[in-house]
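> Prediction below, plus the sequence it came from.
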Amino acid sequence: MSRIFGEVRQLGYVVEDIHEALVHWTRIMGVGPFYLLSDMEIRNFTYNDVSYPMRITGAVAFSGPLQIELIQQKNDSPSMFREFLEGGGGGGLHHLGFWSDDADASAQKAREMGYIVGQSGEVVEGERFYYLRTEFHPGTVVEISQTGDLKRQFFSFLKDEAARWDGSDPIRTLSM
């Protein structure tokens, strides 16, 4: 548990090929089911305080209380995802995710502590997320994600599905 951000709720992986990553997580690791959202637009996306269009394909599942998120960027806009992939290694664990009732206030508190917002945006309208850089430990990315009622209900559903999962239908497609 972080005294600053609360519980780690998510491990976020940036991948070059989400379908290969899904095979790894469902067949090799036995985690699932994953819910896949293809070619999503990230609204109000900024990278280093500059606005860019952003499209990703994402997938989420739970392993116990911890959410596993897979992200594949679908366009060429600059981002912390691109930085990570261009840094070598072909993808992997990118960030630790924390959920907040007020992501703006949490991000402001982090800024006051020396964190730098590298990118931000919205998947659900009005529920902002922030990816934070830190100078104290380069390479560590922290995500703060606004988690309102809609997300809480969705995440609760995903957690329940994971607890009941028998290995069948490992990848389920969603649309927004």
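Perfect, thanks for sending it. Numbers count the residues shown, from 1 in each chain.

> Sheet-wise, list the partners of the strand or helix carrying I56 with their directions.
Element membership for I56, per DSSP states H and E: strand 55-63. Strand 55-63 sits in its sheet next to strand 34-41 (antiparallel), strand 66-73 (antiparallel), going by DSSP bridges.

> Which helix or strand lies directly C-terminal to the last one?
Towards the C-terminus, the helix or strand next in line after strand 66-73, according to DSSP H and E, is helix 80-86.

> Run through the bridge partners of L11.
Going by DSSP bridges, L11 forms beta bridges with I68, L96.

> That one touches P65, doesn't it?
No - with contact defined as C-beta atoms under 8 Å, L11 does not reach P65; the gap is 11.7 Å. (Each C-beta comes from the backbone N, C-alpha and C, glycine too.)

> quick one: which of the two has more around it?
Comparing L11 with P65 by other C-beta atoms under 10 Å, the one with more neighbours is L11, at 16 against 10.

> how near is that one to V23?
Taking C-beta to C-beta, to the nearest Å as the measure, L11 falls 18 Å from V23.

> so where does Q119 fall, helix or strand?
strand 115-124.

> swap in R152?
Here R152, judged by DSSP H and E, is contained in helix 149-164.

> So which residues lie in contact with that helix, not counting its own?
31-33, 35, 60-65, 67, 99, 124, 127, 145, 147 (C-beta atoms under 8 Å, 6 or more residues apart in numbering).

> hang on, S168 in a helix?
No - using DSSP: H, G, I helix; E, B strand; the rest coil, the secondary structure at S168 is coil, not a helix.
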